[in-house]
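Trainee: predicted model, plus sequence, below.
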Amino acid sequence: TLQFEVEKAGKYEILAALTKAHDYAIAQFAVDGEEMGPQIDLYHPQVIHSGETNLGTKQLGAGSHRLDIRIVGKNPQARGAYMVGLDYLKLQTK
């Protein structure tokens, strides 16, 4: 669980930049308890950057919010370390 701040209330597209690797998990993201986007398989045979992944759009009030990352499984090819790497979270006004 990570906390992030929103300066101005509004509707935001929520983007996450992630790492993919041979020992990474399948993850489900949630903002303030609401699941965002589909489960994301972070397996890749080499360590790579995912690019920006769109988690969805959400109305956010000004102030603190919570990003939860829940590990829900692993790709059959992945080593079972069940890791997740969040490089950054980006909010874009809609």
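Mentor: In hand now; what should we look at?

Trainee: so what's L15 bridging to?
Mentor: N54, K90 (DSSP bridges).

Trainee: contacts only, for it.
Mentor: For L15, the contacting residues are 52-55, 89-92, by Cβ atoms under 8 Å, 6 or more residues apart in numbering. For glycine as for every other residue, the C-beta is placed from the backbone atoms N, C-alpha and C.

Trainee: between those, which sits nearest M36?
Mentor: Of all the contacts of L15, L55 has the smallest distance to M36: 4.0 Å, by Cβ to Cβ.

Trainee: quick one: which of the contacts of L15 has the most company?
Mentor: The most crowded member of the contacts of L15, judged by other Cβ atoms under 10 Å, is L55 (21 neighbours).

Trainee: didn't I48 look like it was pressed against K20?
Mentor: Yes - judged on Cβ atoms under 8 Å, I48 makes contact with K20 at a distance of 5.1 Å.

Trainee: looking at these two, which is more packed in?
Mentor: Neighbour count, other Cβ under 10 Å: between I48 and K20, K20 has more, with 19 against 12.

Trainee: how about the more buried one: what's its closest non-neighbour residue?
Mentor: Setting aside the residues directly before and after it, K20 is nearest to H44 in space (Cβ to Cβ, 6 or more residues apart in numbering), at 3.7 Å.

Trainee: now A78
Mentor: Y43 (4.3 Å).

Trainee: the one you found contacts G80, doesn't it?
Mentor: No - Y43 is beyond contact range of G80, at 11.1 Å (criterion: Cβ under 8 Å).
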